[in-house]
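In: Sequence first, then the predicted structure, then my questions.
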Amino acid sequence: MTNEELMTEAKKAREHAYAPYSHFQVGAALVAGNGKVYHGCNIENAAYGPSCCAERTAFFQAVCEGVREFEKIAIAGGPEGSGADELCAPCGVCRQVMMEFCNPQAFQIVLADGKGGCRQFTLDELLPYGFGPKNLG
Ligand code: THU
């Protein structure tokens, strides 16, 4: 699947975003090692704190099915009513969750580039010197 196709999947997932408080809707499409694509959207909460980002929703859905190997994720985010075509980088907490399950040099994060295309980054680029399971020996 190309980055552009994966971004289309992330935009589809965004249609299910539950964001009545921030009105900022995010979708994610995560490619697992088995080739399967897991979708996620942000799910907010009236108590704010329990809200979950799109990226973590996708990861947790996959891990719940026993999947722990991942290749890349596309993220589409933007204000309600927008096309989510501007770059929307993952928050720090989501980067840390990626660090738990992904090889930071290999895992790719695909974002909109604001010019109708996509840009990709490794997790290592977005979370340099990250702390992960390897640090615990
Ligand atoms: N959000 C995500 O889902 N992913 C990100 O990487 C950035 C932020 C969500 C959280 C919250 O529901 C809304 O976007 C505004 O922060």
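Out: Great, that's in hand.
In: Which of the three states applies to the residue sitting nearest the centre point of the chain?
Out: Against the mean C-alpha coordinate of the chain, by C-alpha atoms, centre = their mean, the closest residue is Glu55 at 3.2 Å. Three-state assignment for Glu55 (DSSP: H, G, I helix; E, B strand; the rest coil): helix.
In: Could you find the closest non-adjacent residue to it?
Out: Cys94 (4.0 Å; C-beta to C-beta, 6 or more residues apart in numbering). All C-beta atoms are positioned from the backbone trio N, CA, C, and that covers glycine.
In: Could you say which helix or strand holds that neighbour?
Out: According to DSSP states H and E, Cys94 maps onto helix 92-101.
In: Next, the buried residues of that helix.
Out: Cys94, Arg95, Val97, Met98, Met99, Phe101 (16 or more other C-beta atoms under 10 Å).
In: that older thread, so the residue nearest to Glu55 sits right up against Thr57, yeah?
Out: No: between Cys94 and Thr57 there is no contact under C-beta atoms under 8 Å: 9.8 Å.
In: Okay, the residue nearest to His16 when sequence neighbours are not counted and Ala58: tell me how far apart.
Out: Nearest non-adjacent residue to His16, counting by C-beta to C-beta, 6+ apart: Cys41, 4.5 Å away. With distances taken as C-beta to C-beta, to the nearest Å, Cys41 is found 9 Å from Ala58.
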